[in-house]
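>>> could you work out the structure for the sequence below:
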Amino acid sequence: MPEQDPSSTINQPSMMNELISRIRILERSHQNSREKILLINQNMIEEYKDIIEEMRSIKTEVKETKKDILKMQETFKKFIDEMNSFVRKEEIKVLEKYINMWNPMNFVTEEEVLNLIKKKRKNVKKRRTN
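Take a look at the predicted model:
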């Protein structure tokens, strides 16, 4: 058997205690790391759930927006169809030209014509009697 140094036998329990102490420190550190990782995982799961919910909400909003856009497109199409049935500027100009040619302000009413006829008859009768 090899000879042992007397100081080394005294140091063995001390070294053993130090090793045990280091192992405990490492175990605590390992346990703390595991707890942190577990907490991080839980937070990630919560974040994932929140993101999924937000995505659902956005998807619903996008669907509603698409419906609104389709309604607006239909309304615009109807509006354009209505506008196509309006009279064009050129057609109005033609009508204006004819109205100006006819000059309806110079037209006489039926009553005015009857009065004129009566006057003429009277004049004719007066001439015949004279």
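>>> centre-most residue in this protein?
Centroid-nearest residue in the chain: residue 65, 5.2 Å away (criterion: CA atoms, centre = their mean).
>>> tell me which residues touch residue 104, please.
Contact analysis of residue 104 by CB atoms under 8 Å, 6 or more residues apart in numbering lists nothing. (C-beta placed from N, C-alpha, C; glycine too.)
>>> so for it, what's the pLDDT?
According to the prediction, residue 104 has pLDDT 72.
>>> hang on, the earlier thing: distance of the residue nearest to the centre of the chain from residue 106?
61 Å (CB to CB, to the nearest Å).
>>> how is residue 86 assigned, secondary-structure-wise?
coil (DSSP: H, G, I helix; E, B strand; the rest coil).
>>> pLDDT weak spots in this protein?
Along the chain, segments meeting pLDDT under 70 span 1-10.
>>> domain map for it?
What the record gives for the chain is the domain set 16-86, 89-130, from automatic domain parsing.
>>> what helix or strand is the residue nearest to the centre of the chain located in?
Residue 65 belongs to helix 6-84 when assigned by DSSP states H and E.
>>> any idea how far the next helix or strand along the chain from that helix is from the middle of the chain?
Next along the chain after helix 6-84, taking DSSP H and E as the criterion, comes helix 89-102. In terms of CA atoms, centre = their mean, to the nearest Å, the centre of helix 89-102 is set 46 Å apart from its chain centre.
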